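1. Below: sequence and its predicted model.
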Amino acid sequence: MAASGGLARLSAWRPGAWRFPGLFFWAAVWLCLLVLLPVLQGFSALASPLPEQWAQVRPLLPGLFFNSFGLVAGVVLGSGLLGTGLAWLVGLFDFPGRRFFNWALLLPLAMPAYVLGFTLIGLFDVDGPGYAAWLALQGESAGPPPFRSIGGLILSLSLSFYPYVYVSARYAFQTRSGGAMEIARSLGMGGAGAFFRVGLPVALPWIGAGLALAAMETLADVGTVTVFRYETLATAIYQAWAASSASLATAARLAGFLLLPALVVLVLEQWFRHRQGRRAPPGPRLAKPAGLSEPLGWCAAVGAALVLGSAFVIPAWQLLIWSAEVAVDELDWRLAGYAWHTLLVACFGAVLVVATASTLSLAKCRHKGAVLGFLTQFARLGHGLPGAVLAVGLAVSAAALDDRLAAFSQSQFHVDPSPIVGGGLCALLLAYVVRFLATGFGPADHAFRRFTPSLAESARSLGVHGFALWQELHFPLLRGGLLSAFLLAFIEMVKELPIILLMRPEGWDTLAVRVFATARAGEWHRAALPALVLVLLVLAGLLIHIFLGRRAENRHA
Amino acid sequence: MRERLEVGRASVAYGTEIAVRDVSFKLAAGHIGCLLGPEGSGKTSLLRAIAGFEPVVQGAIHIDGARVCSVKSKLPPELRGVGMMFRDCALFPHLTVGQNVGFGLHKLSREEAIKRMIESMHRVGLRDLRDLDRRYPHELSGEQRQRVALARAIAPKPRLLLLDDPFSGQERDLRERLPLEVRDILKQAEITALLATCDEREAFAMADEIGVLSAGRLQQWGDAEAIYHRPVNRFVANYIGQGAILTVKAAPGLGIMTEIGFLPLPDGGASLQGRPYLEILLRPGQVAMHPAGGSNAELGNAEVTAKTYRGVEALYTLRLSSGTEIFAVAPADNPYRVGEVVHVKLKPHHPAILYMAE
């Protein structure tokens, strides 16, 4: 129980008492180095001499950049319109079904972008139900709908990523804009003017942060764009990586190029978060949503239902149908194996994330210094690194380390070992920790911050100490937050594709990898079953998380 | 005097939950009114209905004689000329201080708007605040923000200004100082205002008329003196100021018999016909203490059970022989100690002991 020891020391902490920076400090430093590693790797790849195959890649580079930027611009626009619009409706107005849509509009988070992507393509494929509808609409002579195009891709990714904007914008509209808009109206501004001149600008830092997340995900996406046969910087890294081990240097250099826009988006995101801090704290009174008149209210409900339907309900239903069609052939032990691998990686990774997040949070509580504050902040920036960049960076470093180890073992023991760091799950899990630390840090830190030194002191003054202190006080207080951190990290890791695709050991296919492989080959039916299992796993995690959150809320109310 | 605001039998409800029940009052132009009541008593709901953010489910609201809100129709907030100021100031964070103050002046010409902006900045005591067009709300101190919010609210010269607990976020000494200053500012600008607060000192410092709200009902409407000395029911008596409520015996035709003396009534007690027992409110200022011999078992004697210094004076808690506790104030340097027995009497020059309807 390392954490209990830490907490005991935390409770003994006195302001002003300087100690030698201990375990926590060095843990934070190591984590920061781990985040820094792929970044440095990327830059050094850009600065190092050109790899052999670069001559073939170089002419493609402007096109790749153009494709990536165009896609990001489209998805930012699409998810911005969807997310902000829905948040505006749900956050500020009352209409039929509002309480349902309030949480149901988050359901698309349970469906990875590449699953939604191939399902939508399949729907509009020649034997899909969408195609029939298209023919009925356009007349028999019309060709197949051009869904597998940049427009379809932008639509598909926007439907996947709008929840990031929606969550953030809804929070801002409900807690900040509502009150400000009322003031504006009491100063003689009409309803529309109050929204555009006050409500929207006040919420902008939150909308911006949500958009930055959507942009990050778009830059990092490998699965969906591959299914749509769209070439971006991220897919180029994957292809170079998959081609041969000799093109590792090419992949590393491409990763360096993808790193640049990713860092720009990351800086933007942090800037928006900084701006959020400048906004006044939320008022004590949540803005009460205004009632919409009968026809308008139904229009709002239909609009929300349309988005929810195309982003989640219809694709999920289609997955069910396809799965049922192929269940006889495909439901076998191999599927169980994929699911087992997914569970194993996600559970291990999530436990590591919780442990790391706890360590960082404790470190922040103990040494309230500016250096550690910066380090813990920095260690969480890994969420802005595209999975492919992270994977390449860590793999290259791991390979270098393994070479050293091999050389050392050969010279000392005359044994040639297999790669230790890079070969197995080790590097993969490290990459997961870097990528998803921010996801788990929020709830874990929230739990630890509730745990003030005076709490432990008052328990001790009441005669509770030692293991009983841990059992009676620490554990019950931390349990909820840590579980929630675990679940959120778990969900992300089940969905994650680029890192597992690039870093998995031989034969270690997970559900995500299987879905990608079959969907890439255009076999929608065969991709459906593992995709369905994957979505169910994520949904289970999401529902437990929501249920626990509700229960905690009720207890505090 | 003209009535600026008239609330007639108004009720406000959120779904099935009724927040304000059947409230009626009038506020004259130029006056400052106050809604005083505990959390959840319906003050904010009533203000929001007057401002136009909530409909009424019964009754009507008139401003300058024109109906702005009834069950059937509701004038939108921007057309009512009613300004609002919240406890969290709610300055627009994306606009400069100057843009904030000028926000309500968008219908005026530019010169006129700037003139009005400067005028209201001067009024609220921000004469020296420079760089209005470059500074943002987050760069200001809490007190400056409060003043800017007030300047923004009074700049368009609203017909009525609603202040929802505007001082609650401030430090203690500001909470003592600001209400008096805001009263002066509003009076100079000739702005009619309605304040909502749960702090009686704020209400006494600012308001010409006070309405005490409890559980959505208006318990009493009157000036500070009436609320303090002539509460109409037990809630108002308990809620405002310090005092003890005694059950006493009426002597019809004469007055009231209390444990600590006889209280003659101006009408000779004619109004007490048919009420053998009633409750009276005893404010600390109405009780006089004298040195006494003997124990507190004697009639008119009391034991000092607590003494609280309040600066120039001290508040005494006294236990009468019947066990009833009453309060008295005396200069802090007087010699009575806790445990001592004193003789208590009603002060002859403070006959305003109140009898209450049940």
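-> Looks like it arrived, so ask away.

2. alpha carbons only for contacts and neighbour counts from here, please
-> Noted.

3. and the single nearest residue of the stretch 151-300 of chain A relative to chain B, which of the three is it?
-> Closest approach between the stretch 151-300 of chain A and chain B, counting by Cα to the nearest Cα: residue A:188, at 4.0 Å. Taken by DSSP: H, G, I helix; E, B strand; the rest coil, the conformation at residue A:188 corresponds to coil.

4. how far away is residue A:397 from chain B?
-> In this view, residue A:397 and chain B are 45 Å apart by Cα to the nearest Cα, to the nearest Å.

5. list the contacts for that residue?
-> Residue A:397 is in contact with A:37, A:41, counting by Cα atoms under 8 Å, 6 or more residues apart in numbering or on different chains.

6. Specify the local secondary structure of the nearest residue to the residue of the stretch 151-300 of chain A closest to chain B once chain neighbours are set aside.
-> Excluding the flanking residues, the one nearest residue A:188 by Cα to Cα, 6 or more residues apart in numbering or on different chains is residue B:78, at 4.0 Å. Under the three-state scheme (three-state DSSP), residue B:78 adopts helix.

7. circling back: just confirm the residue of the stretch 151-300 of chain A closest to chain B contacts residue B:84, I think it does.
-> No: counting by Cα atoms under 8 Å, residue A:188 stays clear of residue B:84, with 11.0 Å between them.

8. Contact residues of chain A facing chain B?
-> Listed as neighbours of chain B in chain A under the rule Cα under 8 Å from any Cα of the partner chain: A:179-180, A:182-190, A:198, A:201-202, A:278-280, A:283.

9. mean confidence score for stretch A:80-88?
-> Taken as a whole, stretch A:80-88 has an average pLDDT of 96.

10. can you list contacts of that stretch?
-> Contacts for stretch A:80-88 (Cα under 8 Å, 6+ apart): A:158-159, A:162-167, A:169-170, A:173, A:207, A:211, A:304.

11. Quick one: low-confidence residue ranges for chain B.
-> For chain B, the stretches flagged by pLDDT under 70 are B:1, B:89, B:252-254, B:265-275, B:293-298, B:348-358.

12. max-length helix in chain B?
-> Using DSSP state H to define each element, chain B has its longest helix at helix B:172-188.

13. who does that one touch, helix- and strand-wise?
-> helix B:200-206 (3 or more Cα pairs under 8 Å, 6 or more residues apart in numbering or on different chains; DSSP states H and E).

14. Counting by contacts, list what the helix it packs on packs against.
-> Packing partners of helix B:200-206 (3+ Cα pairs under 8 Å, 6+ apart): strand B:32-36, helix B:172-188.

15. Mind checking what helix or strand follows it in sequence?
-> Of the helices and strands lying after helix B:200-206 in sequence (DSSP states H and E), the nearest is strand B:209-214.

16. host element of the closest residue to chain B within the stretch 401-550 of chain A?
-> Taking Cα to the nearest Cα, chain B has its nearest neighbour within the stretch 401-550 of chain A at residue A:550, 22.9 Å off. Element membership of residue A:550 [criterion: DSSP H and E] is helix A:524-556.

17. returning to what we had before: export the contacts of stretch A:80-88 to a markdown table and tack on secondary structure?
-> Listed next are those as a markdown table, based on three-state DSSP:
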| residue | secondary structure |
| --- | --- |
| A:158 | helix |
| A:159 | helix |
| A:162 | helix |
| A:163 | helix |
| A:164 | helix |
| A:165 | helix |
| A:166 | helix |
| A:167 | helix |
| A:169 | helix |
| A:170 | helix |
| A:173 | helix |
| A:207 | helix |
| A:211 | helix |
| A:304 | helix |
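
18. and residue B:245, that one's in a strand?
-> Yes: if the criterion is three-state DSSP, then residue B:245 is within a strand.

19. residues from chain B in reach of chain A?
-> Within chain B, the residues that sit near chain A (Cα under 8 Å from any Cα) are B:51, B:53, B:77-85, B:88, B:90-94, B:103-104, B:138, B:153, B:156.

20. need the contact list for residue A:218.
-> Counting by Cα under 8 Å, 6+ apart, residue A:218 makes contact with A:71, A:72, A:75, A:157.

21. so how far is the one helix or strand residue A:209 maps to off the chain centroid?
-> According to DSSP H and E, residue A:209 maps onto helix A:200-220. When C-alpha coordinates are averaged (Cα atoms, centre = their mean, to the nearest Å), helix A:200-220 and its chain have centres 13 Å apart.

22. after that helix, next one along is what?
-> Taking DSSP H and E, what comes next after helix A:200-220 is helix A:223-227.

23. helices and strands around that next one, which ones?
-> In terms of contacts (3+ Cα pairs under 8 Å, 6+ apart), helix A:223-227 is packed against helix A:113-123, helix A:150-172, helix A:511-520.

24. go with 10 Å
-> Helices and strands touching helix A:223-227, by 3 or more Cα pairs under 10 Å, 6 or more residues apart in numbering or on different chains; DSSP states H and E, are helix A:113-123, helix A:150-172, helix A:233-243, helix A:511-520.

25. Report the closest residue of chain B relative to chain A.
-> Chain A sits closest to residue B:78 of chain B, with a gap of 4.0 Å, by Cα to the nearest Cα.

26. That residue touches residue B:68, doesn't it?
-> No: the pair residue B:78 / residue B:68 is not scored as a contact, 11.5 Å apart, by Cα atoms under 10 Å.

27. Please look at residue A:389 and residue A:255 and confirm they touch.
-> Yes: taking Cα under 10 Å as the definition, residue A:389 is a contact partner of residue A:255 at 4.9 Å.

28. Contacts only, for residue A:169.
-> A:80, A:83-88, A:91, A:163, A:175, A:177, A:200, A:203-211 (Cα atoms under 10 Å, 6 or more residues apart in numbering or on different chains).

29. related to what we said a few turns ago, what about the residue of the stretch 401-550 of chain A closest to chain B, how many residues nearby?
-> 12 (other Cα atoms under 10 Å in any protein chain shown).

30. From residue A:185, how far off is it?
-> 34 Å (Cα to Cα, to the nearest Å).

31. go on, residue A:432?
-> To residue A:185, residue A:432 is 48 Å away according to Cα to Cα.

32. got it, and residue B:69?
-> The gap separating residue B:69 from residue A:185 is 16 Å, by Cα to Cα.

33. quick one: which of those two has more around it?
-> For residue B:69 versus residue A:185, neighbours defined as other Cα under 10 Å are more numerous around residue A:185 (29 against 26).

34. what about that one, which helix or strand?
-> helix A:178-186.

35. For that helix, output the C-alpha coordinates as PDB.
-> The C-alpha coordinates for helix A:178-186 follow below in PDB (Å, rounded to 0.1, in the frame of the first residue of the first chain):
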ATOM      1  CA  GLY A 178     -27.400  31.800 -19.100                       C
ATOM      2  CA  GLY A 179     -26.900  34.500 -16.400                       C
ATOM      3  CA  ALA A 180     -24.900  36.800 -18.700                       C
ATOM      4  CA  MET A 181     -27.600  36.700 -21.300                       C
ATOM      5  CA  GLU A 182     -30.200  37.600 -18.700                       C
ATOM      6  CA  ILE A 183     -28.200  40.600 -17.800                       C
ATOM      7  CA  ALA A 184     -27.800  41.500 -21.400                       C
ATOM      8  CA  ARG A 185     -31.600  41.400 -21.900                       C
ATOM      9  CA  SER A 186     -32.200  43.500 -18.800                       C
END
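
36. What helices and strands are in contact with that helix?
-> Identification of packing neighbours for helix A:178-186 by 3+ Cα pairs under 10 Å, 6+ apart yields helix A:191-194, helix A:200-220, helix B:43-51, strand B:82-85, helix B:142-154.

37. got the angle for the longest one vs helix A:113-123?
-> Meaning helix A:200-220. On the basis of axes from the mean of the first three to the mean of the last three Cα atoms, to 10 degrees, helix A:200-220 is oriented at 80 degrees to helix A:113-123.
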